[in-house]
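**Q** Have a look; sequence and predicted model below, questions after that.
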Amino acid sequence: MMNTPTILKKIVERKFQEIEERKALLSIEVLKDQIQANNDTPRGFIQAIESKLGQNSAAVIAEIKKASPSKGVIRENFNPQEIALSYKKGGAACLSVLTDVDYFQGSDAYLQDVRKTVDLPVIRKDFIVDDYQVFEARAIGADCILLIVACLEPERLSHLYNLAVELGMDVLVEVHDAAELQTALELPIRLVGINNRNLHTFEVSLDTTFDLLGTIPDDKIVVTESGIHTIDDIAAMRGHNVNAFLVGESLMRADDPGERLAEMFL
Ligand SMILES: O=P(O)(O)OC[C@@H](O)[C@@H](O)c1c[nH]c2ccccc12
């Protein structure tokens with residue numbers, strides 16, 4: 001399968017080009033200066049999740065996503081700041097903002113705007129494969145980054161993880177199968193994201209989470225990602241003691257995303 005150009009492969013190939021384009025416009029040194037000048041302390045992403053879990057509540061990472069390669073445009077009336085306020089009101093623990101431009105119609109500006117608007121911790125949702133993007137994430141105000149095991153060699157994964165932590169950010173390490181999970185567990189991570197969507201084929205199955213649960217040590221927080229649509233989906237997860245959720249589409253399709261969040265989770 002890795003020989004055919006899957007969507008993930010195409011995205012990552014384009015991402016390497018994009019990074020070169022961005023480096024030509026703004027050097028990594030300038031990004032470092034921006035981080036210094038911003039003098040911004042990252043908000044505790046993991047801490048916000050732990051705090052919800054400590055109250056026996058579900059911890060929801062609510063996603064702000066206009067479009068995706070599998071679904072096309074998900075939300076026409078797209079106002080990230082308004083959505084962020086709605087999510088906050090609906091009880092989200094954290095926010096996830098897509099910054100990938102070419103495949104998700106995301107933007108760094110959305111993340112910057114959202115973070116100014118609400119006090120919740122924000123994860124930069126993108127395909128991070130290079131140091132440049134980790135500095136960039138902190139420069140635009142990200143509190144956490146996503147690292148997808150499927151698009152990184154283990155050494156690079158470990159290197160990017162350490163760099164993010166040095167910059168004060170939290171990391172959500174995302175896996176989709178047992179081999180990726182083992183790679184992730186080599187790192188001193190607290191959060192393990194299990195993506196129920198296969199990024200090569202787009203197939204979604206909540207069994208991905210259930211199948212991998214058994215081999216995850218108790219000190220990790222499992223975040224189930226993608227394909228969470230119904231109260232039954234949530235009850236099934238919570239029945240397996242999975243209490244942290246990353247949810248996008250089903251909230252993005254609602255007129256009032258935060259209200260929908262509250263209905264689904266409370
Ligand atoms: O919209 P959904 O099915 O609720 O999924 C949200 C989130 O899990 C999904 O956007 C996602 C998970 N991992 C990713 C990696 C890259 C881009 C997107 C993603």
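**A** All right, it came through fine.

**Q** what does the stretch 151-266 of the chain put close to the ligand?
**A** Contacts of the stretch 151-266 of the chain with the ligand, taken as Cβ under 6 Å from any ligand atom, map to 174, 195, 225-228, 246-249. Every C-beta, even on glycine, is put in place using the N, C-alpha and C of the backbone.

**Q** Try it again at 5 Å.
**A** With Cβ under 5 Å from any ligand atom as the criterion, the stretch 151-266 of the chain comes near the ligand at residues 195, 225-227, 246-249.

**Q** Out of those residues, flag the one nearest to residue 204.
**A** Residue 204 lies nearest to residue 227 out of these, by Cβ to Cβ, at 3.9 Å.

**Q** Correct me if wrong: that closest one contacts residue 207.
**A** No - with contacts defined as Cβ atoms under 8 Å, residue 227 does not count as touching residue 207, sitting 10.4 Å away.

**Q** Who has more neighbours out of these two?
**A** Neighbour tally, residue 227 and residue 207, criterion other Cβ atoms under 10 Å: the higher count belongs to residue 227, 19 against 9.

**Q** Just the element for that one, please.
**A** Residue 227 is located outside every helix and strand, with elements delineated by DSSP states H and E.

**Q** Please list all residues in contact with the nearest residue to it once chain neighbours are set aside.
**A** The shortest distance from residue 227 to any non-neighbouring residue, by Cβ to Cβ, 6 or more residues apart in numbering, is to residue 204 (3.9 Å). Residue 204 sits next to 196-198, 226-227 when contact means Cβ atoms under 8 Å, 6 or more residues apart in numbering.

**Q** Report the beta-bridge partners for residue 204.
**A** Taking DSSP bridges, one finds residue 197 as the beta-bridge partners of residue 204.

**Q** sorry, back to before: okay, and which of the residues of the stretch 151-266 of the chain next to the ligand map to helices?
**A** residue 249 (DSSP state H).

**Q** want to try JSON lines for the residues of the stretch 151-266 of the chain next to the ligand, with pLDDT as columns?
**A** Formatted as JSON lines, those follow (pLDDT from 0 to 100):
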{"residue": "195", "pLDDT": "98"}
{"residue": "225", "pLDDT": "98"}
{"residue": "226", "pLDDT": "98"}
{"residue": "227", "pLDDT": "98"}
{"residue": "246", "pLDDT": "98"}
{"residue": "247", "pLDDT": "98"}
{"residue": "248", "pLDDT": "98"}
{"residue": "249", "pLDDT": "98"}
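
**Q** As CSV, the residues of the stretch 151-266 of the chain next to the ligand with distance to residue 263 would be great.
**A** Formatted as CSV, these follow (distance: Cβ to Cβ, whole Å):
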residue, distance to residue 263
195, 24
225, 20
226, 20
227, 18
246, 18
247, 12
248, 16
249, 15
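
**Q** Just the closest of the residues of the stretch 151-266 of the chain next to the ligand to residue 179, please.
**A** Checking those against residue 179 by Cβ to Cβ gives residue 195 as the nearest, at 14.0 Å.

**Q** what about the residue nearest to that closest one when sequence neighbours are not counted, neighbour count?
**A** Distances taken as Cβ to Cβ, 6+ apart place residue 225 nearest to residue 195, at 4.6 Å, with adjacent residues excluded. Residue 225 has 26 neighbours, counted by other Cβ under 10 Å.
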